[in-house]
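What would the 3D arrangement of this be:
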Amino acid sequence: MANAEKLAAGTGSSVVVTRCQICQGTDLKSVLFIGYLPPVNKMHTLGERPGEEVFYAAEWLFCPVCSLVQLGLTVDKNILFPPEYPYTSGTTKILRENFAEMHRECAELYAIDKQDLIVDVGSNDGTLLSNWKDAGFRVHGIEPTDMGKLANSRGIKTSISFMGREAAEKVKKEDGQAKVVTATNVFAHMEDIDSIVESMLVLLKDDGLFISESHYLISLIETLQYDTIYHEHLRYYSLTSLQYLLNKHGLEVVHAKRIPTHGGSIRVYAGRKGKHKPRATVKEILAHEKEVGVTEENLRAFGKRVLQSKLDLHALLKEIKAQGKSIVGISAPSRASTLVHYVGLDEGILDAVLEIKGSYKIGKYMPGRMIPVIEESYLFDKQPDYALLLSWHIADELMPKLKQKGYKGKFIVPLPEPRVL
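Numbers count the residues shown, from 1 in each chain. You can find the predicted model right below:
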């Protein structure tokens with residue numbers, strides 16, 4: 001990254017951001033700091049003795065030129081996304097439904113032939129591409145972790161690689177250019193975003209579509225989702241900042257839509273300028289962002305709300321623990337690590353964090369903590385008094401399921417305001 005300082009940090013490295021990741025502006029405003037966090041998917045095996053841990057600064061910077069909100073530190077991608085990366089998109093119902101809905105929407109809005117190639121960047125276990133493959137389209141995923149091997153075993157052709165010019169040329173050589181290139185919950189994760197977009201253009205047909213889905217800054221602010229701040233998420237897009245980035249590379253936004261995944265995301269369609277007529281949705285969302293105001297002042301106000309939320313959750317947990325009650329966490333998404341560390345939760349507060357059977361995280365400790373992650377049958381066998389929903393953004397989906405399975409205790413929803421249900 002230009003004009004950035006390389007720092008040695010334990011077993012890896014990080015880069016201090018001194019220029020905006022989109023417009024290269026240097027007038028960056030520090031608007032929020034939530035402490036030092038470990039890589040959210042670095043999890044030690046249960047029983048392993050604690051040793052050295054590396055934590056990285058989590059700071060928000062705001063660029064007044066292009067309106068991008070971004071992390072102030074970039075961590076080596078090989079640390080954040082190791083081969084044994086434990087996340088699988090196919091285990092989350094709302095994601096499966098979202099990917100199926102995206103496929104239907106894209107096929108309805110734009111003419112796509114069964115002979116066309118669909119490429120997914122950061123394709124994980126192939127869940128998104130399975131919708132296209134099952135409908136008869138040619139597909140190719142690009143995925144750097146062992147999840148790509150899982151996708152290949154399921155018949156979803158996947159190149160095991162980080163996205164870049166070399167990966168794009170490989171796919172193009174093997175299968176030709178793509179009519180649709182998707183990047184869901186990864187487009188904010190990749191370093192040197194200009195070269196990433198250029199690599200995607202190598203893959204994209206002249207009349208092709210690039211579809212991204214990312215955490216949406218406006219939703220994040222509205223619902224106080226500070227727990228989505230961690231080092232995999234380098235950028236926190238508004239449509240305004242996304243449009244600035246895409247326009248730099250000769251692309252224009254032609255459709256945009258707010259979607260419920262990850263507590264509030266934005267799906268953005270883009271194509272080469274003049275190839276697709278922009279829909280009214282683009283102007284509508286841009287106008288709303290202007291009305292809401294993505295400003296330094298508003299972001300600092302968000303930070304004050306974050307602090308108050310932390311204090312409120314502390315107060316609630318203090319009262320529960322003073323009564324001698326037991327608390328477990330429910331699910332261990334990446335965002336849970338941020339909440340655990342920012343609020344200061346440990347094994348003295350949470351007896352365990354519970355994951356569904358088959359999760360790759362079972363048998364590990366929470367990142368940077370000694371809180372064990374175990375199978376969710378514990379909830380029904382032991383009946384702890386309270387269950388803290390760390391995947392609180394899907395609370396409406398989780399609570400009925402857990403009650404139906406036999407849990408009789410109470411739920412704690414930590415955000416936007418801590419409450420017991």
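
CA atoms for contacts and neighbours, from now on please.
OK.

Okay, buried residues for the one helix or strand Ser130 maps to please.
Here Ser130, judged by DSSP states H and E, is contained in helix 127-134. Residues of helix 127-134 classed as buried by neighbour count (16 or more other CA atoms under 10 Å): 127-133.

mind listing what Gly263 touches?
215, 219-220, 225, 393-394 (CA atoms under 8 Å, 6 or more residues apart in numbering).

Please flag which of these sit within strands.
His215 (DSSP state E).

from the contacts of Gly263, which is closest to His231?
Minimum distance to His231 across the contacts of Gly263 is 13.6 Å, recorded for His215 (CA to CA).

Neighbours of the closest one, how many?
Using other CA atoms under 10 Å, His215 has 29 other residues around it.

same check, this time on Leu379
Neighbour tally, Leu379, other CA under 10 Å: 25.

Name the nearest residue to it, ignoring sequence neighbours.
Among residues not flanking Leu379 along the chain, Tyr407 sits closest, at 6.5 Å (CA to CA, 6 or more residues apart in numbering).

next one: Pro372
Tyr365 (4.5 Å).

and the contacts of Gly263, which of them are in helices?
219-220 (DSSP state H).

could the contacts of Gly263 be laid out in JSON lines, adding pLDDT and distance to Tyr386?
Shown next, in JSON lines, are the contacts of Gly263 (pLDDT from 0 to 100; distance: CA to CA, whole Å):
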{"residue": "His215", "pLDDT": "93", "distance to Tyr386": "29"}
{"residue": "Ser219", "pLDDT": "95", "distance to Tyr386": "28"}
{"residue": "Leu220", "pLDDT": "96", "distance to Tyr386": "26"}
{"residue": "Gln225", "pLDDT": "95", "distance to Tyr386": "22"}
{"residue": "His393", "pLDDT": "90", "distance to Tyr386": "18"}
{"residue": "Ile394", "pLDDT": "90", "distance to Tyr386": "17"}
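
With distance to Gln323 as extra columns, can I get the contacts of Gly263 in CSV?
Output for the contacts of Gly263, formatted as CSV (distance: CA to CA, whole Å):
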residue, distance to Gln323
His215, 38
Ser219, 35
Leu220, 33
Gln225, 29
His393, 28
Ile394, 28
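
ok, of the contacts of Gly263, which one's closest to Ser265?
His215 (4.2 Å).

Would you agree the closest one is in contact with Pro260?
No - judged on CA atoms under 8 Å, His215 makes no contact with Pro260 at a distance of 9.6 Å.

got the domain boundaries for the protein?
For the chain, whose domains are defined here by automatic domain parsing, the residue ranges read 5-76, 89-285, 298-420.

so where do the helices sit in the stretch 301-421 of the chain?
334-343, 377-382, 395-404 (DSSP state H, counting those that start in this stretch).

and among those, the most buried is which?
Most buried of the helices of the stretch 301-421 of the chain, by mean neighbour count (mean count of other CA atoms under 10 Å): helix 334-343, with a mean of 21.

Can you tell me which helices and strands that one packs against?
strand 29-37, helix 296-322 (3 or more CA pairs under 8 Å, 6 or more residues apart in numbering; DSSP states H and E).

Leaving aside the residues adjacent along the chain, what's closest to Leu317?
Ile349 (7.9 Å).

from what I can see that neighbour touches Lys325, true?
No - Ile349 is not in contact with Lys325 according to CA under 8 Å; the separation is 9.8 Å.

ok, those two, which is more surrounded?
Using other CA under 10 Å as the criterion, Ile349 and Lys325 rank with Ile349 on top: 18 against 13.

circling back: so which of the helices and strands packed on helix 334-343 is the most surrounded?
strand 29-37 (a mean of 17).
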